[in-house]
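J.: next comes the sequence, and after it the predicted model I'd like to discuss.
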Amino acid sequence: MNFLAHLYLSGDDSEIRLGNFIGDYVKGKKLDNYSTKVQTGIRLHRSIDFFTDKHQSTRNCIELLRPGYQKYSGVVLDVIFDHILAVRWHEFSQRDLKDFTRTFYFQMLQQYFQLPLTVKKFLPFMIYSNRLLSYSNLSGLKKALEIMSVNTSLPNNGKFAINIVQSNFNFLSDNFTALFSELNHLVKTEYNINLAHHTYPNRVSKE
């Protein structure tokens, strides 16, 4: 799962959201530098990643991406799953995706001093490009992968990824649903995070 899914699974607490957002950038004893709730968010991030990496749905989808991305297939799949969540957002939450992402950006700017240096550097670009909202269309997905290929060792093979998504959307979406359902359960049972403001699955409510 990438940024959008992690944020969705964080519930309403801004500190837990912060921790989940920066989870990949806090190592070792640096965890102790944060409040209890931020630490919970960081641990939540790690739990989501661990569960996702081991899930059969993830393995099913990674096989589609191996010809173009090999060992980086899981990284690309995380972004594709965010794309699927954004496309199907109305199925999971009554809150408008644009409003959800704006709230998140505002919260992170309010807590900017707590962000790791790497996150401080990329957050302004994330906001400027409206990265999270852009996941809802294929051009935004392709742009996100292109940015990643410039800043990391990810192969610049966005066209291949888009072709995979277009040709296998239902398969990818079904596997995402299976995984996301179980992640919702994990968040509620292991972290006591209330996702009642969401509508998953087929439940009408409002954040």
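T.: Perfect, I can see it now.
J.: how near is the closest residue to residue 48 other than its chain neighbours to residue 29?
T.: Sequence neighbours aside, residue 1 is the residue nearest to residue 48 in space, at 5.7 Å (criterion: C-beta to C-beta, 6 or more residues apart in numbering). To be clear about C-beta, it is placed using only N, CA and C from the backbone, and glycine gets the same treatment. Relative to residue 29, residue 1 is positioned 26 Å away (C-beta to C-beta, to the nearest Å).
J.: so which of those two has more stuff around it?
T.: residue 1 (25 against 7; other C-beta atoms under 10 Å).
J.: which strands and helices lie in contact with the host helix or strand of residue 58?
T.: For residue 58, the element it lies in under DSSP states H and E is helix 56-69. Using 3 or more C-beta pairs under 8 Å, 6 or more residues apart in numbering; DSSP states H and E as the contact test, the elements touching helix 56-69 are helix 73-87, helix 158-167, helix 169-191.
J.: if we use 10 Å, what do you get?
T.: Counting contacts by 3 or more C-beta pairs under 10 Å, 6 or more residues apart in numbering; DSSP states H and E, helix 56-69 packs against helix 36-54, helix 73-87, helix 158-167, helix 169-191.
J.: which of those sits most buried?
T.: helix 73-87 (a mean of 22; mean count of other C-beta atoms under 10 Å).
J.: of the helices and strands packed on helix 56-69, which is nearest residue 109?
T.: helix 36-54 (16.0 Å; C-beta to C-beta).
J.: in the protein, where is pLDDT below threshold?
T.: For the chain, the stretches flagged by pLDDT under 70 are 196-207.
J.: and residue 115, its phi and psi?
T.: Dihedral pair for residue 115: phi -70, psi 140, per degrees, to the nearest 10.
J.: which one is it nearest to, not counting chain neighbours?
T.: Nearest one to residue 115, counting by C-beta to C-beta, 6+ apart, is residue 22 at 6.2 Å.
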